[in-house]
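S.K.: just a sequence and a predicted model for now, questions to come.
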Amino acid sequence: MDGYEVHSRLFSSVPGVAELIEAVGGVPTFHDADVVDLTINARKPSALKLNYPGRSGFPLASLEGRHFAVTIRIGEVADIELEDVPIRGILFSLMLSEPPLLADGDFKYRDRRPDELAMTLRTSYGVSGRIICRDLSVSFAIRGRRRVLPPQPPVLLGQ
């Protein structure tokens, strides 16, 4: 199984992803998504917030030009290895996989649990690395090509 097939299988099982897959026509890799915020907490949920301004990372070409806001909630971080953290960044891809097994004596992550996933952030610019995590969920919003404000009543000055 190649990396995208593994990502597709694992990402599809995350709560909230079925609705995202239905909306965009397949499993996204978030190519060209802007990393808006990455919050890592030791004892409470963490989150990765992405904005996708509709360039090229979703399966349906008909979605080109639409704006997506995606939040990946991370219930628990088991291990983390990130670079360029203060720099928000633009993703090349976000891929899920099974965490790697590390050699005995490795000072990093040791006790792998069966419910853990490795979230790998490959970037064109900015924050990159890997987060070993549990209890992921996804929420998202899709906005149209332009924002149309409802008409406002005229403002009468001096009354």
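M.R.: Looks like it came in fine.

S.K.: residue contacts, the closest residue to residue 6 other than its chain neighbours?
M.R.: Take residue 6 and drop its neighbours on the chain: the residue closest to it by C-beta to C-beta, 6 or more residues apart in numbering is residue 97, 5.3 Å away. (C-beta placed from N, C-alpha, C; glycine too.) Contact analysis of residue 97 by C-beta atoms under 8 Å, 6 or more residues apart in numbering lists 3, 6-7, 10, 117-118, 120.

S.K.: same list (those) but as TSV, adding pLDDT and distance to residue 130.
M.R.: Formatted as TSV, the contacts of residue 97 follow (pLDDT from 0 to 100; distance: C-beta to C-beta, whole Å):
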residue	pLDDT	distance to residue 130
3	88	13
6	94	14
7	93	13
10	96	14
117	94	10
118	94	6
120	95	5
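
S.K.: tell me which of those residues is nearest to residue 87?
M.R.: Nearest to residue 87 out of the contacts of residue 97 is residue 120 (C-beta to C-beta; 17.3 Å).
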